[in-house]
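[1] can you look at this prediction? I've put the sequence above it.
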Amino acid sequence: MLRALPPMTQAEVFARVVRGQYGEGEEGGTRVPAYRSEQDVPPDSATETFLAMKLQIENWRWADTPFYLRTGKRLRIE
């Protein structure tokens with residue numbers, strides 16, 4: 001199935017991929033810091049902690065069906 005994932009052009013990456021870092025919030029009733037406020041993380045860090053993307057699989061079974069992938073640290077589980 002991975003062979004059916006066509007490579008993305010630079011324009012497609014800009015349109016279909018989102019990257020970021022987690023902000024401060026609450027986890028299990030406890031306040032948690034933003035990524036750049038974590039111990040041992042530089043305050044100007046550009047390291048991503050989140051990625052979301054829309055993929056298209058080019059085969060007859062999945063034609064015109066978008067697949068959305070989302071992964072990262074401290075994502076809310078719903």
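    Cool, the structure landed.
[2] dump the residue contacts of P33.
    Residues near P33 by Cβ atoms under 8 Å, 6 or more residues apart in numbering: E24. Quick note: C-beta positions are derived from backbone N, CA and C, even for glycine.
[3] ditto for T49
    Counting by Cβ under 8 Å, 6+ apart, T49 has contacts G20, Q21, Y22, Y35, G72, K73, R74.
[4] then R70?
    F50, L51, A52.
[5] in strands only, show me those.
    F50, L51, A52 (DSSP state E).
[6] surely the last one is in contact with L75?
    No - taking contact to mean Cβ atoms under 8 Å, the distance of 10.1 Å between A52 and L75 leaves them out of contact.
[7] distance of W62 relative to A52?
    Per Cβ to Cβ, to the nearest Å, W62 is found 19 Å from A52.
[8] whoops, T30 was the one
    In terms of Cβ to Cβ, T30 sits 26 Å off from A52.
[9] same question for F14.
    13 Å.
[10] which one's more surrounded, those two?
    Comparing F14 with A52 by neighbour count (other Cβ atoms under 10 Å), the higher total belongs to A52, at 14 against 10.
[11] returning to what we had before: can you put the ones in strands among the contacts of R70 in a markdown table and add distance to P7?
    What follows is the ones in strands among the contacts of R70, written out as a markdown table (distance: Cβ to Cβ, whole Å):
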| residue | distance to P7 |
| --- | --- |
| F50 | 23 |
| L51 | 17 |
| A52 | 19 |
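[12] I appreciate the help and will end here.
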